[in-house]
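J.: Quick one: sequence plus predicted model below, questions after.
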Amino acid sequence: MLDKGLSVIKLDKNNIQRYLSDLLELEHLVYLKRGHLYSTEEWGEIHFLSELPGKYDTSFGVVKEDMDKLIAFSISSEPLPGVIHVHRVAVHPKHPGENIGRKLMLQLFQEWNNMPQYNTLTGIIRTDHKLSLPFVKKLGAQVADKSYMTHHFKQLGRTDMQIFDDHFKDSYGISYALIHFDK
């Protein structure tokens, strides 16, 4: 699946501890390079170490084997029963165009498909992201409509956004699509 010398690992509790400095460094580099195009906040140790349901079953990393260095990660959890939500996907800026982020998402998608306890996979993607949105649509993701988003965010207790027909805006005015896969 990945190029020679790279391997996908599950970011279980032990691997998150083992690669914590790599996670923090990678998060910082991607946040510095992409800023609000990546996220409105930079994650710190507390985010990576937080105990979230389903997190250790559905989070992955890519390790460059010759250096034992994490060069990409995806962090997901179960915010609602039966729902896996992708919180973060980051790829080291030294590895652009290698489709590592896509391969991580494919890994998650395949794992999720084989986990009967999860019926839905969600993620939030900036509406102006020219690669991610077309990619997940090609995999079969649906862009949530106003009704779906209203129900979803109400279940999560989130009220800090404006919901439109096919997207929402956060408190910074940034437009996002809520995407979902359903079994």
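T.: That came in fine, so what should we check first? Worth saying up front: this structure is predicted, and the values here are computed from it rather than measured.
J.: Chain neighbours aside, what residue packs nearest to residue 65?
T.: The shortest distance from residue 65 to any residue other than its chain neighbours is 5.3 Å, reached at residue 5 (CB to CB, 6 or more residues apart in numbering). Yep, even glycine has a C-beta here, placed from its N, CA and C like the rest.
J.: And for that neighbour, the neighbour number?
T.: As a burial measure, residue 5 scores 10 neighbours (other CB atoms under 10 Å).
J.: do the same with residue 156
T.: Neighbours around residue 156, by other CB under 10 Å: 12.
J.: doesn't residue 79 make contact with it?
T.: Yes - under the criterion of CB atoms under 8 Å, residue 156 makes contact with residue 79 at 6.0 Å.
J.: My reading is that residue 103 lies in a strand. Confirm?
T.: No - Residue 103 sits outside any strand when classified using DSSP: H, G, I helix; E, B strand; the rest coil, being helix.
J.: Surely it and residue 8 touch.
T.: Yes - Residue 103 lies in contact with residue 8 (CB under 8 Å); the separation is 7.4 Å.
J.: Give me the mean pLDDT for the strand ranked longest in the chain.
T.: For the chain, the longest strand by residue count, based on DSSP state E, is strand 69-80. For strand 69-80, mean pLDDT is 97.
J.: What is it packed up against?
T.: With contacts taken as 3 or more CB pairs under 8 Å, 6 or more residues apart in numbering; DSSP states H and E, strand 69-80 sits against helix 20-34, helix 55-58, strand 60-64, strand 83-91, helix 100-113, helix 146-156.
J.: Among those, which comes closest to residue 40?
T.: With CB to CB as the measure, helix 20-34 is the member of these nearest residue 40 (10.0 Å).
J.: Just the CA trace of the closest one, in CSV.
T.: Taking C-alpha atoms only, helix 20-34 is exported to CSV below (Å, rounded to 0.1, in the frame of the first residue of the first chain):
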residue,chain,number,x,y,z
LEU,A,20,4.4,11.6,21.0
SER,A,21,7.4,13.9,20.2
ASP,A,22,6.9,13.1,16.5
LEU,A,23,3.2,13.8,16.7
LEU,A,24,3.8,17.2,18.3
GLU,A,25,6.6,18.1,15.9
LEU,A,26,4.6,17.0,12.9
GLU,A,27,1.5,18.9,14.1
HIS,A,28,3.6,22.0,14.6
LEU,A,29,5.2,21.8,11.2
VAL,A,30,1.9,21.3,9.4
TYR,A,31,0.3,24.1,11.4
LEU,A,32,3.1,26.5,10.7
LYS,A,33,3.1,25.7,6.9
ARG,A,34,-0.7,25.6,6.4
